[in-house]
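# heads up, no residue letters with this:
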């Protein structure tokens, strides 16, 4: 399992569109993906839009993403690129 922290810089946070993009990308991989928001005692399934939206990730939120599986490195690299592109 590998884990990485991110600061969400998208001006609207992870609202419906970026959350959908995140889950769509995450669903392409075999690894299990978990997302946590700092300050919220909850873990979300990275492949579920509803689960991600329940984290209430706003601009400036610090999130931790964990990938666990055979393609975990590739998975986290792809998610990192998506977040760094500001969900474009």
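Noted; the coordinates are in hand. Given the structure is predicted, the values throughout are model-derived calculations rather than measurements.

# Point out where the chain drops to low pLDDT.
For the chain, no stretch is flagged by pLDDT under 70.

# Buried residues in the top helix by length along it, which are they?
Longest helix of the chain, by residue count under DSSP state H: helix 72-84. Counting neighbours by 16 or more other Cβ atoms under 10 Å, one finds that the buried residues in helix 72-84 are 72, 75-76, 78-79, 82-83. All C-beta atoms are positioned from the backbone trio N, CA, C, and that covers glycine.

# Need those residues in CSV (columns: distance to residue 60).
Shown next, in CSV, are the buried residues of helix 72-84 (distance: Cβ to Cβ, whole Å):
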residue, distance to residue 60
72, 27
75, 25
76, 22
78, 23
79, 19
82, 18
83, 13
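
# which one of these is nearest residue 3?
Nearest to residue 3 among those, counting by Cβ to Cβ, is residue 76 at 8.3 Å.

# Isn't residue 62 up against residue 13?
No: with contacts counted by Cβ atoms under 8 Å, residue 62 stays clear of residue 13, the gap being 11.8 Å.

# Give me the more crowded residue out of the two.
residue 13 (18 against 13; other Cβ atoms under 10 Å).

# can you list contacts of the longest helix of the chain?
Contacts to helix 72-84, defined as Cβ atoms under 8 Å, 6 or more residues apart in numbering, come from residues 1-2, 4, 6, 8, 21-22, 25-26, 28-29, 31, 33, 46, 65, 67, 69.

# Report the buried members of the residues you listed.
Using 16+ other Cβ under 10 Å, the buried ones in the contacts of helix 72-84 are 6, 8, 21-22, 25-26, 29, 31, 33, 46, 65, 67.

# Next step: those residues restricted to strands.
Among the buried ones among the contacts of helix 72-84, the residues falling in strands (DSSP state E) are 6, 33, 65, 67.
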